[in-house]
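Undergrad: what would the 3D arrangement of this be:
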Amino acid sequence: TIQTEPSAAETAQTAKINLDLPAFLPDDYVPDSKQKLAHYRRISRMAEPAELDEFAAGLADRYGELPVEAVNLLGKTRLRVYASQLAMESVFIGDGYCKLDFGRDISYRLVQVSAVLEGVQGEKKVVSLQPLAIVLNPPDRSIALKSITEALATMASEPERYIEEASAETGKTPERTPGR
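TA: Numbering: from 1, shown residues only. Alright, predicted model coming up:
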């Protein structure tokens, strides 16, 4: 029997995202509950930003312009994709408060991570070095979602710049999704 190794997407930890914004497909946008459930299933399996772009275009073609709740849902999913590619544990975005919890078994380069987060408006504070945890105080949740996602996208595009070669404890680097 031929056995294949699971792909990086199958083995990578999925980051937990807590977004204090309405993020769903409204009934007046996708009225059929079976179709809506199928969309949610598809969204939950997405592991690449290009999949999200294609899916958003398909929604817009079928149902019209995306309402803010659907935009937030796709934004939350995009944030999960990038955070997972970076082996982060969780991201919380609330009103005036955000927290980024980086992976426990990964050593991140603080100077480089801090520099990329400079694009996020508001005060930033490192609350833990290992595991790395950063608190941000942005003026607005929607702005925070967009700017934190952009920062994580930058990091995911060049993880070697932001993540040490291997963790001292485990010798592991984060699993990357194919194509990244």
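Undergrad: now the closest residue to Ser114 other than its chain neighbours, what's its secondary structure?
TA: Spatial nearest neighbour of Ser114, chain neighbours left out: Lys124 (7.1 Å); criterion: Cβ to Cβ, 6 or more residues apart in numbering. In this view, the C-beta of every residue, glycine as well, is placed from N, C-alpha and C. Put simply, Lys124 is strand when judged by DSSP: H, G, I helix; E, B strand; the rest coil.
Undergrad: what do you get for the one 3 residues further on?
TA: Reducing the assignment to helix, strand or coil with three-state DSSP, the entry for Val127 is strand.
Undergrad: residues contacting it?
TA: Applying Cβ atoms under 8 Å, 6 or more residues apart in numbering to Val127 gives the contacts 99, 133-135.
Undergrad: just the pLDDT for it.
TA: pLDDT for Val127: 96.
Undergrad: ranges for the helices of this protein?
TA: 8-11, 33-45, 49-63, 68-85, 110-116, 141-157, 159-162 (DSSP state H).
Undergrad: can you pull the contacts of Lys99?
TA: 90-92, 127, 133-136.
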